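Asks: Give me a model of this one.
(one chain, ligands or ions: 2)
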Amino acid sequence: MWTMTELARLAEISGGKSVGGATITEVTSDSRAVPAGALFAAVPGLHVHGATFAQGAVASGAVAIATDAEGEQIITEQMSTVPPLLVVPDIAARLGEIAAEVYGNPAQSLTSFAITGTNGKTTTAFMLDDILNKVGRTTGLIGTVAVRLAGSEIPAALTTPMPSDLQRVLADLVSRGGTDLVMEASSHALAQGRTDPVCFSVAGFTNLTQDHLDFHHTLENYFEAKASLFTPMRCEKAVICTDDEWGLRLWHLSRTTLRPENVYALALTSPLPDGAQGWDLAEIEERPEATAIDLVSHAGQHLRFSTSLPGKFNVANAALAATMAVVGGVSAAELPEAVDPKVPGRMESISSRPRVIVDFAHNTDALAKAITALRPTTRGRLIVVTGSAGERDKGKRPAMGATVGRLADVGIITDDDPHDEDPGVIRAGVLSGAKGHSAQIEEIADRRLAIREAILRAHPDDTILLAGRGHETIQEVAGQKIELDDRVEARRALAERDVDPEEKTA
Ligand SMILES: CC(=O)N[C@H]1[C@@H](OP(=O)(O)OP(=O)(O)OC[C@H]2O[C@@H](n3ccc(=O)[nH]c3=O)[C@H](O)[C@@H]2O)O[C@H](CO)[C@@H](O)[C@@H]1O[C@H](C)C(=O)N[C@@H](C)C(=O)N[C@H](CCC(=O)O)C(=O)O
Ligand SMILES: Nc1ncnc2c1ncn2[C@@H]1O[C@H](COP(=O)(O)OP(=O)(O)OP(=O)(O)O)[C@@H](O)[C@H]1O
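Replies: Numbers count the residues shown, from 1 in each chain. Ligands and ions are numbered 1, 2, ... in the order given. Here you go, the predicted model:
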């Protein structure tokens, strides 16, 4: 399927040295998934150096190893017969370039869109993909929920794939006749250069609030990782939502890093920054079935479309998707009337009486926005079932709890994915913020039980928001992977409720 590249050529483009020769047809950085003819990229990780797995990779069919000086030393110490080597000083940073060469630089034949920000990446990516499909493009969609290439879905492991996986997927997209790529760029991926050397045609920014401080340590570092997408090596044009302070700062910064005429602002709850080109909201009409949106540009051009996804934040997501499409070459007249993709686990409606909604809100801002979006249409009580993940940003736990305490009527604090952390300690962190506000707060450790109790106890007019896990189907507890899908659990409890005579009269 792919072209053949000589190891010496890869040394030439990466500034490394090759020892021995080999013909390369694939690249991988995972010894557990080595295709025939592969170059195994042994990169240093947070836990272990990939070179530790070189022997296994060769046994599985790798024809050469790319690594750094430390990796070369590990390999020469561990292997009696050293395979052909490519030694590159910063192998992790150069891996994308090497893989792009092996896979024929697929991104060069695609119009490519990348979306970054704390919340809204997946939803905006699905919306943009929907728009592009409706105007006749053949797309690849890469993100947290799915990797969908020209309509065929393959499982997604990370929000943004590792460099060699990304280049392989892009080559696959091109071979399926793909014209456009829409992908999410996570802050982890940007900090690690996973998307390099792709220079996106259009990059979009949603918003920035606290998350992922376990990895970035400070909000400033987190911002810098996001901002690195808006530099000439990584994108040509940008659409930046300037409604929060970070967006405004990014807009100013991008006008110095990119060509100012390629930077567009999107302002929905604030005025367009002085001197900005871009769009603000001309009119918004909330109808029962959808929200009609009318954006107007600095030059007076209108973009009109609607979305049936609930919540003001989905207006922002749809607006970003539409403006990115226009900046990427879709004409205003071509824009479809409705931007309505089905996004698994994002404000996904499971039932109407009681109304059960599954949403991926797993940080304070998302949780506040999801609860607020449901309040106006809730006749009874608003019941929120949520927790927080283990081994991730601990600082957000009390803040998430306080959000539930302030905005919900009933909060049931339960487990999310504890990973290897004590689930009781995680719940205590959330509970410490949740108590002392207006909501009635309860702790039910087992998430299945928490969902069941919330649904069985609800009145028909109540809304139950199951927040935090969205589309996820596996819960990770102390090294064990347990099947758990909030949507399945909700349907099970709803079925139980249907046959309970007491509940029927509730
Ligand atoms: C922080 C981070 O980016 N971690 C990723 C990283 O792990 P690591 O640096 O610890 O790797 P390591 O375990 O030390 O291994 C080093 C090298 O040896 C290789 N290896 C390892 C074991 C083996 O048997 N064989 C083998 O070849 C690995 O593939 C790796 O190349 O490289 C691993 C292998 O590719 C990834 O699985 C892992 O993602 C972990 C699972 C993860 O949780 N990542 C999250 C934080 C992440 O990247 N999330 C963002 C989205 C965040 C969001 O917005 O919600 C994402 O883009 O998905
Ligand atoms: N524009 C937005 N602003 C704030 N919150 C949002 C926005 N869009 C979506 N959300 C909330 O954030 C949750 C996650 O949305 P989505 O999956 O689209 O974002 P994401 O950036 O891809 O998240 P992640 O990086 O965690 O996968 C949604 O379930 C919703 O509660």
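Asks: what residues does the chain put near ligand 2?
Replies: Residues of the chain that fall close to ligand 2, judged by Cβ under 6 Å from any ligand atom: 119-123, 144, 159, 184, 206-207, 313, 316-317, 346, 359-361, 365-366, 369-370, 470. Quick note: C-beta positions are derived from backbone N, CA and C, even for glycine.
Asks: What about the residues you listed, which are in strands?
Replies: Mapping those onto strands (DSSP state E) picks out E184, D359.
Asks: Now narrow the residues of the chain next to ligand 2 to whatever sits close to ligand 1.
Replies: Restricting these to those touching ligand 1 (Cβ under 6 Å from any ligand atom) yields T159.
Asks: Per-residue pLDDT of the nearest residue to M233 once chain neighbours are set aside, please?
Replies: Distances taken as Cβ to Cβ, 6 or more residues apart in numbering place C199 nearest to M233, at 6.3 Å, with adjacent residues excluded. C199 is assigned 98 on the pLDDT scale.
Asks: Can you name the residues that contact C199?
Replies: Contacts for C199 (Cβ atoms under 8 Å, 6 or more residues apart in numbering) come out as A107, P232, M233, R234, C235, E236.
Asks: how much space between it and ligand 1?
Replies: As judged by Cβ to the nearest ligand atom, to the nearest Å, C199 and ligand 1 stand 19 Å apart.
Asks: picking up where we left off before, scan the contacts of C199 and report the most crowded one.
Replies: Counting by other Cβ atoms under 10 Å, C235 has the largest number of neighbours within the contacts of C199, with 26 neighbours.
Asks: My read is that that residue contacts G204, right?
Replies: No - assessed by Cβ atoms under 8 Å, C235 is found out of contact with G204, at 9.3 Å.
Asks: burial count for whichever residue of the stretch 401-506 of the chain sits closest to ligand 2?
Replies: Of the residues in the stretch 401-506 of the chain, the one nearest ligand 2 is G470, at a distance of 5.7 Å by Cβ to the nearest ligand atom. By other Cβ under 10 Å, 23 other residues sit near G470.
Asks: now swap in V488 and tell me
Replies: Counted with other Cβ under 10 Å, V488 comes out at 14.
Asks: Could you check how far it is from D415?
Replies: 16 Å (Cβ to Cβ, to the nearest Å).
Asks: Same check on A373?
Replies: Using Cβ to Cβ, A373 is found at 24 Å from D415.
Asks: what's the answer for V327, then?
Replies: The gap separating V327 from D415 is 42 Å, by Cβ to Cβ.
Asks: Over to R194?
Replies: 30 Å.
Asks: what do you get for R497?
Replies: 22 Å.
Asks: quick one: which of these two has more around it?
Replies: Each of R497 and D415 has its neighbours counted (other Cβ under 10 Å); D415 has more, 24 against 20.
Asks: Now do that one, the pLDDT please.
Replies: So D415 comes in at 96 (pLDDT).
Asks: Pull the contacting residues for it.
Replies: D415 neighbours (Cβ under 8 Å, 6+ apart): G387, P423, I426, R427, A445, D446, R447, Q475, V477.
Asks: and this protein, what are its domains?
Replies: What automatic domain parsing lists as the domains of the chain is 5-102, 106-327, 348-504.
Asks: Show the model's pLDDT score for the residue in the chain that ligand 1 sits nearest to.
Replies: Nearest residue of the chain to ligand 1, counting by Cβ to the nearest ligand atom: G45, 2.2 Å away. On pLDDT, G45 comes in at 94.
Asks: That one: neighbour count?
Replies: That count, for G45 with other Cβ under 10 Å as the rule, works out to 11.
Asks: Residue numbering should commence at 4 henceforth.
Replies: Noted, 4 is the first residue going forward, which turns the last one into G48.
Asks: which ones are touching it?
Replies: Listed by Cβ under 8 Å, 6+ apart, the contact set of G48 is empty.
Asks: Let me see the mean pLDDT of stretch 65-77.
Replies: 97.
Asks: for the chain, what helix or strand is lowest in average pLDDT?
Replies: helix 504-507 (a mean of 50; mean pLDDT, DSSP states H and E).
Asks: show me where the stretch 354-503 of the chain has helices.
Replies: 367-377, 399-410, 426-437, 450-460, 489-501 (DSSP state H, counting those that start in this stretch).
Asks: Now tabulate the ones you listed in JSON lines and tack on mean pLDDT.
Replies: Listed next are those as JSON lines, based on pLDDT from 0 to 100:
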{"stretch": "helix 367-377", "mean pLDDT": "95"}
{"stretch": "helix 399-410", "mean pLDDT": "96"}
{"stretch": "helix 426-437", "mean pLDDT": "96"}
{"stretch": "helix 450-460", "mean pLDDT": "97"}
{"stretch": "helix 489-501", "mean pLDDT": "95"}
